[in-house]
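Asks: can't give you the sequence, but here's the structure:
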C-alpha cells in the first residue's frame with residue numbers, strides 16, 4: 001500500500017518562504033525514499049492542498065498522511081487544514097487519509113533552538 005506524506009504550510013507571497021517547504025520535502029525524501037512526499041500551501045501559493053493531494057494520488061498513493069507544517073495547534077492546523085484536506089480527499093474515493101498534529105512540542109525542537117542560538 002503506497003503511502004504519501006503531504007506536508008502543508010500556510011503559504012506565502014515570498015518565494016523563499018515557499019521554497020523552504022520544498023527543501024523540507026527533499027530532506028524527508030532522502031530520509032524515507034519509500035514514501036511519496038509532496039508539499040502544498042494552504043493559501044497564497046501553489047501547489048494548493050487539492051493539487052498536492054492529487055499529486056500524491058497520481059504517484060500511486062493509496063493512503064495520504066497530511067502533516068500541518070506549523071508549530072502550534074491553532075485554527076489553521078486544528079481545523080482549516082483538516083477540513084481542506086478532507087475536501088480534497090472526497091474527490092478520491094477509496095484513498096485513505098488522516099491528518100497529524102502540527103510540530104507542536106517535542107524535545108528535538110529544543111535541540112534545534114539551542115543549536116541555532118549557538119548554545120548546543
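Replies: Arrived safely. In this text, all values refer to a predicted model and were calculated from it rather than measured experimentally.
Asks: Contacts made by the lengthiest helix in the chain with the rest, please.
Replies: When the chain is parsed with DSSP state H, its longest helix is helix 15-31. Residues outside helix 15-31 that contact it (Cβ atoms under 8 Å, 6 or more residues apart in numbering): 5, 7, 9, 11, 12, 35, 37, 38, 39, 41, 45, 69. All C-beta atoms are positioned from the backbone trio N, CA, C, and that covers glycine.
Asks: quick one: average pLDDT of that helix?
Replies: For helix 15-31, mean pLDDT is 97.
Asks: What residues of it count as buried?
Replies: For helix 15-31, a neighbour-count test (16 or more other Cβ atoms under 10 Å) marks 18, 21, 24, 25, 28 as buried.
Asks: and if you look at stretch 94-114?
Replies: 95, 97, 99, 102, 103.
Asks: Also stretch 55-71?
Replies: 55, 56, 57, 61, 64, 65, 66, 67, 68, 69, 70.
Asks: For residue 85, state which of those residues is nearest.
Replies: Closest approach to residue 85 among the buried residues of stretch 55-71 (Cβ to Cβ): residue 66, at 4.5 Å.
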